[in-house]
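1. take a look and give me a structure for this.
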Amino acid sequence: MLDKLIVHYFQGTGNIVDRQHIEINRKHQNTRTAIIEGRGMDRIIACSKELIAATLMHFKSEESAMDANPRNFTAHKRLHAEMVESLRDISNDLEQRRISGAMELMRFFEARLTYHLDAEDAVLDQDLRS
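-> A predicted model of the protein is given here:
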């Protein structure tokens, strides 16, 4: 079902990826708020895990769309693989209840993931549509 929605989006009949971007940004704000307001490690970890899960689901959605297209998207998939590795490391820090993991997630989001969502995904969208 998700694969069909993704293909429809990239054929111009939906906006699933835009909704995923909005969801990721909302979860980022929830994590940021939990940190700034000092809501405790349990809440920070829960928000961080939700942000990571939404990001990974987004990557999976994009990769399904890429796999359904005859073009080669190796470079974009490589970007995903690198970011997944970073998210794995951050997740390990969170599992050990290190606040540094949550802070690293914020830096990762603001420095790397935001650029990916805004710029690299826009290029991917154009490539999938052409």
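2. so which residue is dead centre in the chain?
-> The residue lying closest to the centre of the chain (C-alpha atoms, centre = their mean) is residue 55, at 2.4 Å.
3. show the pLDDT at residue 100.
-> On pLDDT, residue 100 comes in at 82.
4. what's around it, how many residues?
-> 11 (other C-beta atoms under 10 Å). Backbone N, C-alpha and C define where each C-beta goes, glycine included.
5. from residue 52, how far off is it?
-> The span separating residue 100 from residue 52 equals 15 Å under the rule C-beta to C-beta, to the nearest Å.
6. residue 31 too?
-> 9 Å.
7. ok, residue 35 next?
-> Per C-beta to C-beta, residue 35 is found 15 Å from residue 52.
8. neighbour count winner among those two?
-> residue 52 (22 against 18).
9. can you pull the contacts of that one?
-> Going by C-beta atoms under 8 Å, 6 or more residues apart in numbering, residue 52 touches 87, 90, 91, 105.
10. so what's the gap between the longest helix anywhere in the chain and the chain middle?
-> Longest helix of the chain, by residue count under DSSP state H: helix 41-67. Centroid separation for helix 41-67 versus its chain: 5 Å, with C-alpha atoms, centre = their mean, to the nearest Å.
11. list the helices and strands the next helix or strand along the chain from it packs on?
-> Remark: after helix 41-67, the chain's next helix or strand is helix 74-95, criterion DSSP states H and E. Contacts defined by 3 or more C-beta pairs under 8 Å, 6 or more residues apart in numbering; DSSP states H and E place helix 74-95 against helix 41-67, helix 99-108.
12. quick one: the residue nearest to the centre of the chain from residue 34, how far?
-> In terms of C-beta to C-beta, residue 55 sits 17 Å off from residue 34.
13. in this structure, what helix or strand scores lowest on average pLDDT?
-> helix 2-10 (a mean of 42; mean pLDDT, DSSP states H and E).
14. can you name the next helix or strand after it?
-> With elements assigned by DSSP H and E, the helix or strand that comes after helix 2-10 is helix 16-36.
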